[in-house]
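Peer 1: any chance you could fold what I've pasted below:
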Amino acid sequence: METCATCGNVYDKPLIVTQGDKSAAFDSFECAIQGMAPQCTHCDCRIIGHGVESDGRMYCCAHCADQSGVSGVEDRV
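Peer 2: The predicted structure follows:
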């Protein structure tokens, strides 16, 4: 039994997610996303896909990067 790092639910079939040197147990993908996925610097949504990175800041898409003054990034066209 593990305790979900996001919601605190005790669960017998947890997901163990490792990112770099950080690991945590979660009871669902939803909680894993909330607990581990980075947030967009512009709109604060969780970045589930590849996202865009510029100067160490993460964005969910090129539009948000553009709105934050980042140039030269494009989403897939």
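Peer 1: buried sites along stretch 44-52?
Peer 2: Using 16 or more other Cβ atoms under 10 Å as the test for burial, stretch 44-52 gives 47, 51-52. Every residue, glycine included, has its C-beta placed from N, CA and C.
Peer 1: could you give the mean pLDDT of that stretch?
Peer 2: Throughout stretch 44-52, pLDDT has a mean value of 94.
Peer 1: going by distance to Cys4, which of the buried residues of stretch 44-52 wins?
Peer 2: The nearest member of the buried residues of stretch 44-52 to Cys4, counting by Cβ to Cβ, is Ile47 at 20.8 Å.
Peer 1: pretty sure the closest one sits against Gln39.
Peer 2: Yes: using Cβ atoms under 8 Å, Ile47 is in contact with Gln39, at 6.9 Å.
Peer 1: what do these two both touch?
Peer 2: Common neighbours of Ile47 and Gln39, using Cβ atoms under 8 Å, 6 or more residues apart in numbering, are Met58.
Peer 1: can you pull up the bridge partners for Lys58?
Peer 2: Just to correct that, residue 58 is Met rather than Lys. Glu53 (DSSP bridges).
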